[in-house]
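Trainee: when you get a sec, could you give me coordinates for this:
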Amino acid sequence: MYSSYKINRFLTLVLVTFALFLSSCSEFSEYGKKSDYEKLGAACTPSSGEVTPPSVSSVSPTDNSTYNSPATTVAVTFSENMETGSVTTNTNDTTCSGSFQLSSDNFTTCIKMSAAPVASDNDTIFTITPASSLSAATTFKVKITTSVKDISCNTLGSDNSGILGFSTSPSGSGTIIGTVQTDDGSNLSGVSLSDSLYGSTVATMTSDSDGDFSQASLALGMHSMTYTKDGYLDLTQTDLLGTDGDTLELETVRLIPDNCASGTMSGVITNAVTGDNLSGVYVYHTSGINKNSTAPWTYFGTTPDNGSWSISMSAGWYTIQAVKAGFYVGYHNAFACGNQSGQNNSLSPTLNEGEMRIILRWPKTNPVTGSDFDSHLQIPYLTPRVDGTECDGDSKKTDKCHLWYGTTQAADSAITVTGVSTRDYHQYTDIVSSGDYVTLDKDHNVNNGSPPGDETMTITKVRSGTYSYSVHNRTDKDNNTGGCCPNYKTNFSKSRAKVKVFYNDQGTLVRKRFNVPNDNGTLWRVFSYDSNGSGSGFTRVQTMSYEDTPKSIY
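Mentor: Residues are numbered from 1 along each chain as shown. Here you go, the predicted model:
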């Protein structure tokens, strides 16, 4: 039992300690020394007139962005001024303490930070810096907890956490190659090129007599290539070198003469599957081509019912970003040199888990270099069809199927798609009732009109085995021995055609982009995919050859 003497001594010590604390309150706050308190800002003050909870306006790097520098800092922007003392992070260890957290294992542990969050922009933006470089080839998520407060003491309504997160650059190196042309497709030599990675110049090159350039042993990541030549407008192009040992073939660049006048760029945004015009698409622009989500975007309008967009700009190349709920964010290149119409794009509806979508697009060129390109997909043949329907419209194969515009499933009445004719919707399936099928959703041909053109294929359930995708220049298919049309060999390489792939791999979106090689031919072998393959399962093929019989491609 404690004696009253011991209790009185204890109370005396408490009172003395408290008195000493009060005597120095002018030098200390609840956050530490007075100097620290001044840095952090005053505590929040409840206000009966201000009860709106704060929200997170944006996070950088953005959710679902990829291949940021391993030394990336992370910033969050709030909708209003915040109590700086409530925005904290972990600086001692890897426990998920603090209201601003970064994690690579879904917040079982959190990345240790070098210092407390730094406030800016009138205490609306807070930035944290990892104590050491982030791991390469890793996905990170950001979380802002409900303990953050605005200056009126209102707290965040619920934890704000990244859904997909952002990814850091993989380790390794690769090669970048590309080609520079004039606005009419002629090769352009003597172009100075400067390649930078995360703001630092890593290589300089000059295009040769064929307009070609290359550079090996480049670190992986998002590269930014700047093109410069007297008489032409400068241009910056970005693209991802993402796999160790890979060769990245950049999209062929066409420089614009510096005497071009400003003009109106315009086009139409459509649904990549149905071909319908899309209204309510928010459209943005930024300078340069193939820019990604981290670029400084400027909003300029929303598409009406006919899906059209237009904007008057100074002469030059631009990237157009298109955003609509229910679709993946779309990007396409557009240019102004006087008025330039028909600069279209198509958006992919979001995919269910296990689905893959392949979109082929080619723009207008002058002279026309691509009128009718066709998608061809070799599909693993899984289970023989019980109804005897032919796999590829010719004869049933035991190891593969070939989906192209000549495939028809009309004999199988169990497979129907409401409102879409069998002439422009073709499919293969091994299990009809499961909805497990592959479709040529959208087929462009000469009857659809002149370029620009696009085609779309969808795999609703990626299976084991190898898929192989190719593009055929049907317009020039009969000219493989020369004769009437001397340009057939080079038309494909000058078409600026590109293929984009979206794949929902167990809830993670995988994006791939392939540019037509600068090589002669009428058949472009683009890529293959095997779920059991290394890395992401995708293999760049990127070869050109000649083929005059579409059915013989696979």
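
Trainee: can you list the domains in this structure?
Mentor: 4-39, 44-169, 173-254, 263-336, 351-552 (automatic domain parsing).

Trainee: between those, which gets the lowest average pLDDT?
Mentor: Among the domains of the chain, domain 4-39 has the lowest mean pLDDT, at a mean of 36.

Trainee: which parts of the stretch 401-550 of the chain are strands?
Mentor: Taking DSSP state E, counting those that start in this stretch to define them, one finds strands in the stretch 401-550 of the chain at 426-431, 436-442, 453-459, 466-473, 498-505, 508-515, 523-530, 538-545.

Trainee: mind checking which of the ones you listed is nearest residue 60?
Mentor: Taking CB to CB, strand 508-515 is the member of the strands of the stretch 401-550 of the chain nearest to residue 60, at 18.8 Å. Just so you know, the C-beta spots here come from the backbone N, C-alpha and C atoms, and that holds for glycine as well.

Trainee: which other helices and strands contact the closest one?
Mentor: Applying 3 or more CB pairs under 8 Å, 6 or more residues apart in numbering; DSSP states H and E, we find strand 508-515 packed against strand 498-505, strand 523-530, strand 538-545.

Trainee: which neighbours in the sheet does the second one have, and how are they oriented?
Mentor: Strand 523-530 has these partner strands in its sheet, going by DSSP bridges: strand 466-473 (antiparallel), strand 538-545 (antiparallel).

Trainee: how far away is residue 44 from residue 144?
Mentor: Using CB to CB, to the nearest Å, we find residue 44 at a distance of 16 Å from residue 144.

Trainee: picking that back up, between the strands of the stretch 401-550 of the chain, which one is nearest to residue 169?
Mentor: Nearest of the strands of the stretch 401-550 of the chain to residue 169, taken as CB to CB: strand 508-515 at 15.4 Å.

Trainee: for that closest one, buried residues please.
Mentor: 512, 514, 515 (16 or more other CB atoms under 10 Å).

Trainee: then stretch 267-284?
Mentor: So, applying 16+ other CB under 10 Å, buried residues of stretch 267-284: 267-275, 277-278, 281-284.

Trainee: residues making contact with it?
Mentor: 297-310, 320-324, 327, 330, 334, 341-349, 357, 359, 420, 441-442, 454, 456, 458 (CB atoms under 8 Å, 6 or more residues apart in numbering).

Trainee: so how far is it off the chain centroid?
Mentor: 18 Å (CA atoms, centre = their mean, to the nearest Å).

Trainee: now the closest residue to residue 62 other than its chain neighbours: how far from residue 330?
Mentor: In space, and not counting its chain neighbours, residue 62 is closest to residue 293: 5.1 Å by CB to CB, 6 or more residues apart in numbering. Here residue 293 is placed at a distance of 12 Å from residue 330 (CB to CB).

Trainee: who's more crowded, the two?
Mentor: residue 330 (21 against 16; other CB atoms under 10 Å).

Trainee: quick check: beta-bridge partners of that one?
Mentor: With DSSP bridges as the rule, residue 330 is bridged to residue 322.

Trainee: that one: what's it in contact with?
Mentor: Shown in contact with residue 330 (CB under 8 Å, 6+ apart): 269, 321, 322, 323, 345, 346, 347, 348.

Trainee: make it 10 Å
Mentor: Contacts for residue 330 (CB atoms under 10 Å, 6 or more residues apart in numbering) come out as 269, 272, 278, 281, 283, 320-324, 345-348, 359, 500.

Trainee: how about residue 165?
Mentor: Each residue near residue 165 by CB under 10 Å, 6+ apart is listed here: 61, 63-66, 102-104, 106, 138-142, 508.

Trainee: of these, which is the most crowded?
Mentor: residue 102 (25 neighbours).

Trainee: my guess is it contacts residue 139. True?
Mentor: No - Residue 102 is beyond contact range of residue 139, at 11.4 Å (criterion: CB atoms under 10 Å).

Trainee: now the common contact residues for these two.
Mentor: Contacts common to residue 102 and residue 139, judged by CB under 10 Å, 6+ apart, are 162, 165, 166.

Trainee: now do the contacts for the first one.
Mentor: Counting by CB under 10 Å, 6+ apart, residue 162 makes contact with 59, 61-64, 102-103, 106, 139-144.

Trainee: put together CSV for these, with secondary structure and distance to residue 188 on each row.
Mentor: Listed next are the contacts of residue 162 as CSV, based on DSSP: H, G, I helix; E, B strand; the rest coil; distance: CB to CB, whole Å:
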residue, secondary structure, distance to residue 188
59, strand, 41
61, coil, 35
62, coil, 35
63, coil, 39
64, coil, 36
102, strand, 45
103, strand, 48
106, coil, 49
139, strand, 40
140, strand, 41
141, strand, 44
142, strand, 43
143, strand, 49
144, strand, 49
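
Trainee: of these, closest to residue 372?
Mentor: Residue 372 has its nearest neighbour among the contacts of residue 162 in residue 64, at 34.2 Å by CB to CB.

Trainee: out of everything not next to it in sequence, what's closest to that closest one?
Mentor: residue 164 (4.3 Å).

Trainee: that neighbour - that's part of a strand, no?
Mentor: No - per DSSP: H, G, I helix; E, B strand; the rest coil, residue 164 lies outside any strand segment and is coil.

Trainee: ranges for the helices of this structure?
Mentor: 4-23, 34-40, 488-491 (DSSP state H).

Trainee: ok, the nearest residue in space to residue 183 that is not next to it in sequence to residue 179 distance?
Mentor: Closest residue to residue 183 apart from its sequence neighbours, by CB to CB, 6+ apart: residue 254 at 5.3 Å. According to CB to CB, residue 254 and residue 179 sit 10 Å apart.

Trainee: now swap in residue 137 and tell me
Mentor: According to CB to CB, residue 137 stands 29 Å off from residue 179.

Trainee: of those two, which one has the most company?
Mentor: residue 179 (25 against 16).

Trainee: and the more buried one, what are its bridge partners?
Mentor: Taking DSSP bridges as the rule, residue 179 bridges to residue 212.

Trainee: now for it: which residues touch it?
Mentor: 187-188, 191, 207-208, 210-213, 249-254, 493-494, 515, 517-519.

Trainee: so residue 369 touches residue 452, yeah?
Mentor: No - judged on CB under 10 Å, residue 369 makes no contact with residue 452 at a distance of 11.8 Å.

Trainee: overlap of the contact sets of these two?
Mentor: The contact lists of residue 369 and residue 452 share 362, 363, 496, where a contact means CB under 10 Å, 6+ apart.

Trainee: any chance of those residues in a markdown table, with neighbour count too?
Mentor: As requested, those are arranged in a markdown table below (neighbours: other CB atoms under 10 Å):
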| residue | neighbour count |
| --- | --- |
| 362 | 25 |
| 363 | 24 |
| 496 | 23 |
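
Trainee: quick check, nearest of those residues to residue 404?
Mentor: Distances from residue 404 to the shared contacts of residue 369 and residue 452, taken as CB to CB, are shortest for residue 362 (17.1 Å).

Trainee: now do the contacts for the nearest residue to the closest one once chain neighbours are set aside.
Mentor: In space, and not counting its chain neighbours, residue 362 is closest to residue 497: 3.9 Å by CB to CB, 6+ apart. Contacts of residue 497 were listed using CB under 10 Å, 6+ apart, and they are 251-252, 360-363, 365, 369-370, 373, 451, 453-454, 471, 473, 514-516, 524, 526.

Trainee: okay, residue 44 and residue 144: which has more neighbours?
Mentor: Using other CB under 10 Å as the criterion, residue 44 and residue 144 rank with residue 144 on top: 23 against 19.

Trainee: which residues touch that one?
Mentor: Residue 144 makes contact with 54-56, 59, 76, 78, 87, 99-101, 126, 156, 158-162, according to CB under 10 Å, 6+ apart.

Trainee: which of these are buried?
Mentor: 54, 59, 76, 78, 87, 99-101, 126, 156, 160-162.

Trainee: switch those over to a markdown table; also include distance to residue 201.
Mentor: Formatted as a markdown table, the buried ones among the contacts of residue 144 follow (distance: CB to CB, whole Å):
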| residue | distance to residue 201 |
| --- | --- |
| 54 | 40 |
| 59 | 29 |
| 76 | 30 |
| 78 | 35 |
| 87 | 35 |
| 99 | 38 |
| 100 | 33 |
| 101 | 35 |
| 126 | 31 |
| 156 | 41 |
| 160 | 37 |
| 161 | 37 |
| 162 | 32 |
